[in-house]
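S.K.: what's the 3D shape of this:
(one chain, ligands or ions: 1)
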Amino acid sequence: MRELTADEIRASFVNLHDPAPDLPLPGLHEVVWEDREYLGWRDPSLASRGYLVHETPDGIVGIVLRRAEPRSGAGVPAMCSLCHATQPATQVALWSAPRAGQAGRDGATVGTYICEDLGCSHIIRMLPASSPWAIGSGDLLEGRSSGLVERVRSFAATVLSTR
Ligand SMILES: [Zn+2]
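M.R.: Next comes the predicted model:
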C-alpha cells in the first residue's frame, strides 16, 4: 500500500461511534509500506481494541475492531479469514467491528477471525511456499497479497454495508 499520513489515518475511520477516542497511532516511520496490504495495530492501552486501515478504490478506509475473549482450552488450529493462514488458535482471534452508520450506532457488528496481532502482511511473507493453501506456482507472494487485499476490502464492504 502507499504511505499514509497520520491525518489520513485519523480521518479514515468509518465505524468510530464512540465520542472521539484518543486514537493511538503506530510508529509510522517504522512501517515498511510496500510490504503492507493493510496497516493493522492494537491499542497499547486496551489490548482488546484494534485498528485496520487500508486503501480502496474509493479512498482510505479505517475500521475499529474489538477482540472477543479468547476461547478457553482452544487447542485446535484456526484460520485467519483475511490472510488464510492456519495458525495455533491463540494466534487467531475473533474480532468484531461495529457497522458503519446507524446500524453500528444501534449496536450491529460484523465478526470475523483475524490474526490476533493484525499482522497478516507479516504472516504471508513468512509462510513457507509448501503451505497447503498455496495457490500454485507463479508468484506465490503476489497471489497471497492480492488475495489478502481482496478479502480485507470485502470485509470493509460488509462493515460499510447498510443492509
Ligand atoms: Zn491473518
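S.K.: so which helix or strand takes in I114?
M.R.: strand 109-115 (DSSP states H and E).
S.K.: okay, and the closest residue to T56 other than its chain neighbours sits in which element?
M.R.: In this structure, T56 finds its nearest non-sequential neighbour in R153, 5.6 Å apart by Cβ to Cβ, 6 or more residues apart in numbering. For every residue, glycine as well, the C-beta is placed using N, CA and C. Using DSSP H and E, the element containing R153 is helix 140-160.
S.K.: list the buried residues of that helix.
M.R.: 140, 144-145, 147-149, 151-153, 155-156, 159-160 (16 or more other Cβ atoms under 10 Å).
S.K.: thinking again about what came up before, the helix or strand following the strand holding I114 vs the ion: in contact?
M.R.: Sequence-wise, the next helix or strand beyond strand 109-115 is helix 120-126, with elements assigned using DSSP H and E. Yes. For helix 120-126, a contact with the ion is found by Cβ under 5 Å from the ion, at C120.
S.K.: who does the worst-scoring helix or strand of the chain on mean pLDDT touch, helix- and strand-wise?
M.R.: Sorting the helices and strands of the chain by mean pLDDT, DSSP states H and E puts strand 86-87 at the bottom, at a mean of 88. Judged by 3 or more Cβ pairs under 8 Å, 6 or more residues apart in numbering; DSSP states H and E, strand 86-87 is in contact with strand 78-79.
S.K.: hmm, the strand it packs on touching the ion?
M.R.: No. Strand 78-79 is not in contact with the ion by Cβ under 5 Å from the ion; minimum separation 8.5 Å.
S.K.: equivalent analysis for stretch 23-40, please.
M.R.: No. For stretch 23-40, no contact with the ion is found by Cβ under 5 Å from the ion; the gap never falls below 8.8 Å.
S.K.: not counting its own residues, what contacts that stretch?
M.R.: Outside stretch 23-40, the residues that touch it by Cβ atoms under 8 Å, 6 or more residues apart in numbering are 1-6, 9-10, 13, 41, 43-45, 50-54, 115, 117-121, 124-125, 145, 148-149, 152.
S.K.: at 6 Å instead, please
M.R.: 1, 3, 6, 10, 41, 43-44, 52-54, 118, 121, 145, 148-149, 152 (Cβ atoms under 6 Å, 6 or more residues apart in numbering).
S.K.: before I go, just wanted to say thanks for your time.
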